[in-house]
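Participant: Output the structure for:
(chains A, B and C)
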Amino acid sequence: MTTHLELSNLAVSFNGFKAVDGLNLKVAKGELRCLIGPNGAGKTTALDLICGKTKPTSGSIRYRGQELAQMEEHLIARSGVGRKFQVPSVFKQLTVRENLEVAYCKRTGVFANLIRIGRTPESDGLEKLADFVGLVDFLDHPASYLSHGQTQWLEIALLLAQDSELILLDEPTAGMTSQETQKTADICNRLKGRHTIIVVEHDMGFVKEIGDVISVMHQGSMLAEGRADEVSANQKVREVYLGKVGIGHA
Amino acid sequence: MEFFLQQIMTGLSIGSILLLIALGLAIIYGSMGVINMAHGEFVMLGAYGAWAMNAFFGVGLLPSLIVVFLGVGALGWLVERGVIRFLYRRTLDTILATWGLGVMLQQMIRLSAGGELRYVEMPSVLTGTVGILGVDVPGYRVFIFVFVAALFAVTWYLMFRTTFGTKLRAVVQDRSVASCFGIDADKVYSLTFAYGAGLAGLAGALVAPLKSVSPEMGTTYVVDAFFVVVLGGVQSLFGTVASALMLGELTGGLAYLWNDTIAKALVLLAIIVLIRFRPQGLFVSRIRS
Amino acid sequence: MSNAFTTFLNNRTAVQITVYAIVCGAIFLFPLVLDNDFLLNRYARYLVLGMAAMALSLSWGYAGILNLGQALSFGIGSYCMAMALKLRTVPVHTGEGGLPDFMVWNNVETLPWFWQPFHSMPFALLAGIVVPVFLAVILGWFMFRGRVTGVYVAIITLATLVVGNLLIIDQQRFTGGFNGITDLAQLELFGIEFDAYSKSTYYLVAVCMTVCLFLALAVTKSKAGMILQAVRDHEDRVRFFGYDVAWYKVLAFSVSAGIAGVAGMLYTVVMEFASPTFLGVPLSLSIVIWCAVGGRQSLLGALLGAILVAGMEGTLSESETFLDTWTLIMGAAFVLVVLFLPNGLAGLFEMLRRRLAAQPAEKPTEGATDAAVLADKGAAERS
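Facilitator: Now for the predicted structure:
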């Protein structure tokens, strides 16, 4: 498998505080990588760095051989990186349908989008997506009417509409019921292979369900990497994060 | 040499008046995020307060400062309770609502005190000139400068050395957390707004002897004061001082080189460029978002 | 209520287009019931101001750009028209082809270079649109590339307006200074004379307004318009879909400036002069007020808001009783609208549509009731 994304010696500091410090990570094409670690380990910051929300102080982010470190967010997104945020981020005043249409972003130019008026054949595909995440009845409702769980689903649907090659998920199952978590796991497993996915999660059951390889972060850098059983057997990981019970009981 | 000193004194004088007007705005905008377009009208009310005290009760300017501070402060308190508190989550809307208030205040003054220009007399002890480094400076201007410095010191002390200031800064940081610790955020905010308004009133009373007093006088002040606050950095009191003096010197200097209009236009252009490249203000360092 | 009607109500775009068309139709039919050139001139003036407010709604309501300097575009348009019409008069002092009167008074000897092209009417008409658009693109690019948002946009646009205003007043020799440009010729296009006090001018304004209104509506209904609304909601998120937010904002900002430019040109025709007050802070803030009262997120709302408020101002300030209290009432009404009707009068209309659409008369289905509850909830949340 070829390396799709490679972070090397990545570091960022805020007023001297090093949130990420010497982070190295290699993710292969089509792989689903889980990123775990205690609070403040720098997981979300790592995702922020990849998608350009935060600019690194040093180090490099190579994606398909292209350096992303100092690129603007929209260019990173165009090169194929999609992101779901920890706090669900959708467009509250737009309807669910409009949210999906914005997320369907094959053409990003101003003039291309100025001339395209009204509904297009693509809309049907978007309706299927809405159906898939159980929001088809809400297509014409503003997103502000949705509950927290539904908003999570909407954002996942936005990601599916965006159809990025590299998908970054930040705690996708937060606030979901166990059935919903299961459904999210199914989606992840289905996307795996065609998309490269990085998931930050605290729910160990979920991680075990979907992750091939798990990376553990601690104090801004990588502590351990391996399959679920390997990681949970790792003495250092147990110390800083998992506690004595290990994966599967957390 | 003497010419430069003269120039610097003029700049300091403009700057101290700017600071006087901007100080109240800096507190209101800096700590509450409220863009108070009625600030100019508070200034105007202060000026009319000084005029009225003199015209109806024969009270001189200096004693009436206390009355003006309390009076305009009380009005500020009412405004916060009646209007502003509904808008804490809608910063841009505070521009609109306070502008509406400003229009109302202007019209009320026009209806009660009349639209004609009013004049306020300078306290007789301050009418002379003072020699500073060989330059003659009007005594009243020196008084304003000293007064503003004192006012600033008091404000700084209030903000950083008193329980009230600590509470205010806590509410600014995170309103809900502060409330959980038993701080009455509503009260803190309304008192802060009242204090800011009171300062504006003082500013109005103090500038009254220098300019003519009219219902519209506030409009120009509010715009200038805003630029001072934004330029200084929204949450930095010292930044406000620095930017007020800087703008004062700049306006004075440019006005000498060209004319008042061009000076004003150039200062505005400089402000536009500065906001574009340093929206956090000149004197605030970047913080983690 | 029939089902077809409910379906119609549920389609926001269809309702919008219908209502817009009805209002425009009414504006066109208006002169048939009002045969008074003086009043027609006045209503034409309100329509022009409405255009400026409608243009602001496009940038403020749809893209979240609070442009406090809207009057700059308006004023530039107005001066472009005034310059062209001034050159069409026969100067008293210098005779045919000579200098405009105020230049003679200011000892200007030759027509400045930037006045020269205004001998051509097509150039002037074009300039009245292109110059504001060009300035807006530059200023917009300058601000939005630097990710200046919210309050800072308001301050920068306001400062730009003040600079423009100061320059116009300061350059009295070329602009007429405080007095502006007065004593203009009548606009003549395609052989039609547009006397300010005539039906022809009213119709000219009505046609331009309708065209601009539907143009703006088309922009909001395009995908770009949708993206703009997404930007207004959550600017950062839009970037992560690969859109270059800055250029979308520049689009809204400059289309808005172009429409304001057209409105400015018409204003000169209707008022028969151009003045620095046309690019003054008070007018600019008034435009914001109209827009807020009518409904910042509705093009038609903003337009009608301007007509309503400016119309009331015109009528009430003439009557003896209200002469003094008028401003007071206006200020209070405005504060109340900001506090309790953030979406203005158009917000009320939209609420009504949702409610009607959600309650079919015959048999309220479960889904429909839910929607009604949701609509109420949404309205409550937003207020």
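Participant: Secondary structure element for the most centrally placed residue in chain B, which one?
Facilitator: Central residue of chain B (Cα atoms, centre = their mean): residue B:21, 2.1 Å from the mean position. Counting by DSSP states H and E, the element that carries residue B:21 is helix B:2-32.
Participant: helix or strand right after that helix?
Facilitator: Note on helix B:2-32: by DSSP H and E, the next helix or strand toward the C-terminus is helix B:39-57.
Participant: For the next helix or strand after that following helix, buried residues please.
Facilitator: Sequence order places helix B:61-82 as the next helix or strand after helix B:39-57, per DSSP H and E. Neighbour counts over helix B:61-82 (16 or more other Cβ atoms under 10 Å in any protein chain shown) mark B:61, B:64-65, B:67-69, B:71-73, B:75-77, B:79-80 as buried. Quick note: C-beta positions are derived from backbone N, CA and C, even for glycine.
Participant: now do stretch C:171-185
Facilitator: Neighbour-count burial for stretch C:171-185, counted by 16+ other Cβ under 10 Å, picks out C:172, C:174, C:175, C:176, C:177, C:180, C:181, C:182, C:184.
Participant: Next one: the first one, what pLDDT does it get?
Facilitator: Read that as residue C:172. Predicted confidence (pLDDT) at residue C:172: the value is 82.
Participant: next one: the third one
Facilitator: We note a pLDDT of 85 for residue C:175 in this prediction.
Participant: thinking again about what came up before, which members of the buried residues of stretch C:171-185 are positioned in helices?
Facilitator: Residues of these located in helices (DSSP state H): C:172, C:174, C:175.
Participant: and the closest residue to the first one other than its chain neighbours, what are its phi and psi?
Facilitator: Nearest in space to residue C:172, with sequence neighbours left out and distances taken as Cβ to Cβ, 6 or more residues apart in numbering or on different chains, is residue C:106 at 6.1 Å. When quoted as degrees, to the nearest 10, the phi and psi of residue C:106 stand at phi -100, psi 20.
Participant: Tell me the one of the ones in helices among the buried residues of stretch C:171-185 nearest chain B?
Facilitator: In terms of Cβ to the nearest Cβ, no member of these lies closer to chain B than residue C:172, at 10.3 Å.
Participant: What is the burial count for residue 221?
Facilitator: By default, I'm working from chain A. 20 (other Cβ atoms under 10 Å in any protein chain shown).
Participant: actually it's chain C I care about, not the one you picked
Facilitator: A count of nearby residues for residue C:221, using other Cβ under 10 Å, gives 16.
Participant: pretty sure it contacts residue C:14?
Facilitator: No: using Cβ atoms under 8 Å, residue C:221 makes no contact with residue C:14, being 11.3 Å away.
Participant: ok, back up a step: quick one: buried residues of the helix holding residue B:21?
Facilitator: Residues of helix B:2-32 classed as buried by neighbour count (16+ other Cβ under 10 Å): B:6-32.
Participant: Check whether it comes near chain C.
Facilitator: No: judged by Cβ under 8 Å from any Cβ of the partner chain, helix B:2-32 and chain C are separated, with a smallest distance of 8.8 Å.
Participant: Next, the distance between the ends of stretch A:82-95.
Facilitator: Terminal residues of stretch A:82-95 are spaced 21 Å apart (Cα to Cα, to the nearest Å).
Participant: you'd agree residue C:268 is in a helix?
Facilitator: Yes: under DSSP: H, G, I helix; E, B strand; the rest coil, residue C:268 sits within a helix.
Participant: What's the separation between the residue lying closest to it once chain neighbours are set aside and residue C:181?
Facilitator: Nearest non-adjacent residue to residue C:268, counting by Cβ to Cβ, 6+ apart: residue C:81, 4.0 Å away. Per Cβ to Cβ, to the nearest Å, residue C:81 is found 9 Å from residue C:181.
Participant: overlap in contacts of the two?
Facilitator: residue C:274 (Cβ atoms under 8 Å, 6 or more residues apart in numbering or on different chains).
Participant: quick one on the thing from earlier: so which of the buried residues of helix B:61-82 reach chain C?
Facilitator: Within the buried residues of helix B:61-82, nothing lies near chain C by Cβ under 8 Å from any Cβ.
Participant: right, and out of those, which lies closest to chain C?
Facilitator: Using Cβ to the nearest Cβ, residue B:79 comes nearest to chain C of the buried residues of helix B:61-82, at 10.1 Å.
Participant: Surely that closest one and residue B:39 touch.
Facilitator: No: the pair residue B:79 and residue B:39 fails to qualify as a contact (Cβ under 8 Å) at a distance of 10.7 Å.
Participant: joint contacts of the two?
Facilitator: Residues touching both residue B:79 and residue B:39 (Cβ under 8 Å, 6+ apart): B:98, B:197.
Participant: The closest residue to residue C:45 other than its chain neighbours: neighbouring residues, count only.
Facilitator: Distance criterion Cβ to Cβ, 6+ apart; nearest residue to residue C:45, sequence neighbours excluded, is residue C:270 at 5.1 Å. When neighbours are defined as other Cβ under 10 Å, residue C:270 has 24 of them.
Participant: same thing with the one 4 residues further on?
Facilitator: Around residue C:274 there are 31 other residues, counting by other Cβ under 10 Å.
Participant: do residue A:212 as well
Facilitator: Under the criterion other Cβ under 10 Å, the count of neighbours that residue A:212 has is 13.
Participant: ok, the residue nearest to residue C:45 - contacts?
Facilitator: Applying Cβ under 8 Å, 6+ apart to residue C:270 gives the contacts C:41, C:44, C:45, C:48, C:196, C:201, C:205.
Participant: List phi and psi for the residue in the stretch 1-150 of chain C positioned nearest to chain A.
Facilitator: For the stretch 1-150 of chain C, the residue closest to chain A is residue C:10, as judged by Cβ to the nearest Cβ, at 7.2 Å. Main-chain torsions, residue C:10, degrees, to the nearest 10: phi -70, psi -20.
Participant: what's the spacing between the nearest residue to it once chain neighbours are set aside and residue C:22?
Facilitator: Once flanking residues are discounted, residue C:10 sits nearest to residue C:357: 4.7 Å by Cβ to Cβ, 6+ apart. According to Cβ to Cβ, residue C:357 stands 18 Å off from residue C:22.
Participant: Name the residue in those two with the higher neighbour count.
Facilitator: residue C:357 (23 against 11).
Participant: How is that one assigned, secondary-structure-wise?
Facilitator: Recorded secondary structure, residue C:357: helix (three-state DSSP).
Participant: my read is residue B:165 is in a strand, agree?
Facilitator: No: counting by three-state DSSP, residue B:165 is not part of a strand but helix.
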